[in-house]
Every structure is written in C-alpha cells, then in structure tokens.
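Trainee: Sequence below, structure please.
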Amino acid sequence: MRWGGNNNFPRFLSYYYVMKEKKGLLKNWKDYPANPLINPPFPGILLGDPSVVPPDESPDGAWHLFANTILAIHHYTSRDGINWRRIRRVFPGMRAYVYREGETYFLLCEEFQIPMFKSHIVIRTSKDLSIWSEKKIILKAETPWEKRLGHTCGNPCLIKNGDMYFLYYSAGLVFLRDLGFCEPLHIGLAKAPDIYGPYEKSAQPIISPSPAEPYRNLGAGAIKVIQIPQIEGFVGFNNGIYSDEEGGTRSAILALHSHDGIQWRKMYEEPVISPGGPAWKRALVYQLDVTRVENEMWLYYNARSGWRFGRECIGLATCSL
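Mentor: Numbers count the residues shown, from 1 in each chain. Below is the predicted model:
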C-alpha cells in the first residue's frame, strides 16, 4: 500500500483504531457443509466468477447468480441461496458483475476479441435480469501495464463513491507454468461521473504483486469491494496469486480495508479463505461475490481442484457479523 504526503501518521492511526475496534470482524468464515453448491453444466469442467443478486434486491424475490463457463455467462436462480437451478446461457463473456441502481440492473463483464488475445469491459442493462440491452464497451486496455502478455481488461467491480463511479478491474497477465495458463497481474481503478463513462484511469495500478506479500507475490488477481455499517470506509476481498513454500501456484482470498477506496491495507495477515482441504478446493480459491443475509455475510466463490488439470465449482462461506 502507498501512503502519501504528510497525512501518513493520521491515516495510520485512523486505520489502527478502526481495526482495533472491529477486531475479528470478517475474519472467521465457515464453508457450507454441502460445498460445492454449483457444478459446471455438463459436459464442462469450469464454472467460476459468481455475481449474486439476493432476494431483497431482485425483481422477483428470488436469488439470482451469474457465473461463467469458458467464454459464456450463465444465469442461475434459487429460493434459498443454497439450491441453485440453471436457467440458461445468457451471452458470451466472462467474469460478470451485477450492479443495481434504482430499478435498473447493470451487468458488466469481460469480453474477449478473437483471434487476438485482447479483452475489454462491456456493460448491459435490464429491468428483470432476463432481457438485456445491447452491450456498450466502457473500458479497454490502453496503458503499458495493461498490455503485459496481451491487452487485457476484465474482472469488473463497480461501486458508487460519492458522486463518482469507481470501476475496479484486472489488467495485464502473468503466465503460471504449473497451471499452463495466465492469471491477472495488476488491479486498476477507473472513475467516472456517469456509469457509462468516459472513465479516467489511475496512471498506475492500485494493487500489484510484490515479493514482500506472501499471498500476492505472483499476481494481484481481482477484487470485490463492499461497504458495511460496522466498518468505516470500504472492505475489499482480493484473491491474490502466489507461490507457496513448495513453489506451487496458489490463490487465496484476503480481506482488505480502505478509507478512500484507492489505498488498500490488509485487515489480517492470513487469508480469510484458503485453498486446501476438500478435493473441490484443493489447489486454488478464486473470485467471489459477497452479500448480507440477516446477521451474516455470505460469500460465494469458485475454487479449483487441481493445477494443470482441474475442475472449478462454486461454493459458499458464511461469517457472522
């Protein structure tokens, strides 16, 4: 994290007292016993990057979840948030994120250009989570750090911060030999007064890998940002990409905190959700979405069972507030 100017010490004290007062909050997550909840649709082996709309925010009082197979987004519904039913394949794309404003739902996702290894972020709107508007491109890879090993711009997360829309996204890639594929290298931030943009990007990434970060020493992965009344500022859940003590690639979910949505600091040194244990999450824990259910936070995430050859499914972890 980068602290700036002469405000470092007051900022540090503010962060210290927030964390001291809320010690242990969002730290102790429990996996749902029947995980994984959603398996890939046959005959696929990958289903990931869930984005959830809870009943109190949906148009029909049901749960809705959007997740992707390889290059396609699928729509699921549920009455209890546990037992899910696949409705249909919605449209091409990956890493969907649903943002609601009033009675309008905005779905942002990463869309790839073929045959070039390029991706950009598009947005669509809906009133019922079923019929969607035509797409509009709102963010492309343009800066040098977004173009490493391909021109990629994806993993969107959108929040409203005052009068501005903050669009968090992943860009750049790192190739991981034991997996045989790439993962996101940096996390950037783009801001706009209008949800459709134009978005002004931060000149440099807001989160990058570092040898000093044991759970983010290879790649930054992606981030989902929320606000909850119990904590001042913003909470971020970041699946950092790292090399473990044996040299194997891993990914785990870290809890971060920020006062301004720009500068981030770990809430806890250890991840709140780690890979390992049950076979379905033996290798890596990936991207997620979080929602509140009464006095609990429910975190849906996808995990991978193996490295070069693995199956990816979606599970649930809960945490009391």
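Trainee: Tell me the secondary structure at Cys157.
Mentor: Three-state call for Cys157 (DSSP: H, G, I helix; E, B strand; the rest coil): strand.
Trainee: What distance do you get for the closest residue to Val235 other than its chain neighbours to Tyr168?
Mentor: Once flanking residues are discounted, Val235 sits nearest to Ile226: 5.4 Å by Cβ to Cβ, 6 or more residues apart in numbering. (Each C-beta comes from the backbone N, C-alpha and C, glycine too.) For Ile226, the distance to Tyr168 (Cβ to Cβ, to the nearest Å) stands at 11 Å.
Trainee: low pLDDT regions in the stretch 51-200 of the chain?
Mentor: Along the stretch 51-200 of the chain, the model assigns pLDDT under 70 to residues 115-116.
Trainee: and the closest residue to Ile207 other than its chain neighbours, how many neighbours?
Mentor: Nearest non-adjacent residue to Ile207, counting by Cβ to Cβ, 6+ apart: Ile187, 4.0 Å away. Ile187 has 27 neighbours, counted by other Cβ atoms under 10 Å.
Trainee: before we move on, the earlier item: touching, the residue nearest to Val235 and Gly233? I think so.
Mentor: No. Judged on Cβ atoms under 8 Å, Ile226 makes no contact with Gly233 at a distance of 10.8 Å.
Trainee: of the two, who's got more company?
Mentor: The neighbour comparison of Ile226 against Gly233 (other Cβ under 10 Å) goes to Ile226, with 17 against 13.
Trainee: Enumerate every residue touching the more buried one.
Mentor: Going by Cβ atoms under 8 Å, 6 or more residues apart in numbering, Ile226 touches Ile159, Phe234, Val235, Gly236, Phe237, Val290.
Trainee: Kindly state the beta-bridge partners for the last one.
Mentor: I take that to be Val290. Leu299 (DSSP bridges).
Trainee: Cys313 versus the residue nearest to Ile207, what's the distance?
Mentor: Ile187 is 25 Å from Cys313, by Cβ to Cβ.
Trainee: now swap in Met267 and tell me
Mentor: Counting by Cβ to Cβ - Met267 and Cys313 are separated by 27 Å.
Trainee: swap in Leu71?
Mentor: To Cys313, Leu71 is 18 Å away according to Cβ to Cβ.
Trainee: Show me which of those two is the more surrounded one.
Mentor: Cys313 (22 against 12).
Trainee: Let me know how buried the closest residue to Asn295 other than its chain neighbours is, in neighbour terms.
Mentor: Spatial nearest neighbour of Asn295, excluding adjacent residues (Cβ to Cβ, 6+ apart): Leu321 at 5.3 Å. Using other Cβ under 10 Å, Leu321 is surrounded by 14 other residues.
Trainee: what do you get for Asp56?
Mentor: 9.
Trainee: got it, and Ile159?
Mentor: 16.
Trainee: is it true that it touches Gly261?
Mentor: Yes. Assessed by Cβ under 8 Å, Ile159 is found in contact with Gly261 at 7.2 Å.
Trainee: Can you tell me the SS state at the residue nearest to Asn161 when sequence neighbours are not counted?
Mentor: If the residues on either side of it in the chain are set aside, Asn161 comes closest to Gly261, at 5.2 Å by Cβ to Cβ, 6+ apart. When classified by three-state DSSP, Gly261 comes out as coil.
Trainee: Please name the residues that touch Gly261.
Mentor: So Gly261 contacts Ile159, Asn161, Phe166, Leu189, Val225, Gly233, Phe234 (Cβ under 8 Å, 6+ apart).
Trainee: I am finished for the moment; much appreciated.
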